[in-house]
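Undergrad: I would like the atomic coordinates for the input below:
(one chain, ligands or ions: 1)
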Amino acid sequence: MRKRPVHPASSPVPAGAYTPGLVAGGFVFVSGQTAEKPGSSDLVEGDVKVQTRQVLENIRGILEAAGCSLDDVVKVTAHLADAEDFDGYNEIYRQFFSVPFPVRTTVQSVIPGGSLVEIDVIALLPERPDR
Ligand SMILES: CC(=[NH2+])C(=O)[O-]
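TA: Numbers count the residues shown, from 1 in each chain. You can find the predicted model right below:
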């Protein structure tokens, strides 16, 4: 299969016409994740730190279901509803990634649904002879 969908039961229920993750061409592409609780479409309650942690846990679950981890992430795009939240978001982000950090873009955006943060990533799948 040229595109393998990744949709673990633990990931939030997609709120639109997208798949949580797609494996293609040796990469895992993860859709923008908001701070929804696992298996739900309800947002976790809390500030940008709480929400960033939830978003990154959601991304971790999708990557693990695809066969890789946060250590394999090469590209991150993050949207903050309020640029003033940058420091709180960045503090939590640093707890999930280590040097060499993925390349990253962080912008302020209008995020539908009320999440304070939305993040999408691209990760490299570890090489395996059967893939
Ligand atoms: C939440 C999301 N990824 C979307 O595109 O609606």
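Undergrad: Report whether the longest helix anywhere in the chain contacts the ligand.
TA: Determined from DSSP state H, the single longest helix within the chain is helix 48-66. No: Helix 48-66 lies out of reach of the ligand by CB under 6 Å from any ligand atom, never closer than 10.6 Å. Placement of C-beta: from N, CA and C, glycine included.
Undergrad: how far off helix 48-66 does the helix or strand containing residue 77 point, in degrees?
TA: Applying DSSP states H and E as the criterion places residue 77 in strand 73-80. Angular relation of strand 73-80 and helix 48-66 on a 0 to 180 degree scale: 150 degrees, by axes from the mean of the first three to the mean of the last three CA atoms, to 10 degrees.
Undergrad: i'd like the first residue to be 842 from this point on
TA: Right, with 842 as the first residue, what we last looked at is strand 914-921.
Undergrad: Please identify the pairing partners of strand 914-921 and their relative orientation?
TA: Paired with strand 914-921 in the same sheet, following DSSP bridges, are strand 944-949 (parallel), strand 958-965 (antiparallel).
Undergrad: That strand and the ligand, any residue contact?
TA: No: taking CB under 6 Å from any ligand atom as the criterion, strand 914-921 and the ligand are apart, separated by no less than 10.0 Å.
Undergrad: I'd like the next helix or strand past that strand.
TA: Toward the C-terminal end, the helix or strand that comes next after strand 914-921 (DSSP H and E) is helix 927-937.
Undergrad: now that following helix: mean pLDDT?
TA: Per-residue pLDDT over helix 927-937 has a mean of 98.
Undergrad: For it, which helices and strands make contact with it?
TA: Helices and strands touching helix 927-937, by 3 or more CB pairs under 8 Å, 6 or more residues apart in numbering; DSSP states H and E, are helix 889-907, strand 914-921, strand 944-949.
Undergrad: need these in TSV with mean neighbour count and mean pLDDT, can you?
TA: Formatted as TSV, those follow (neighbours: other CB atoms under 10 Å; pLDDT from 0 to 100):
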stretch	mean neighbour count	mean pLDDT
helix 889-907	22	97
strand 914-921	19	98
strand 944-949	12	98
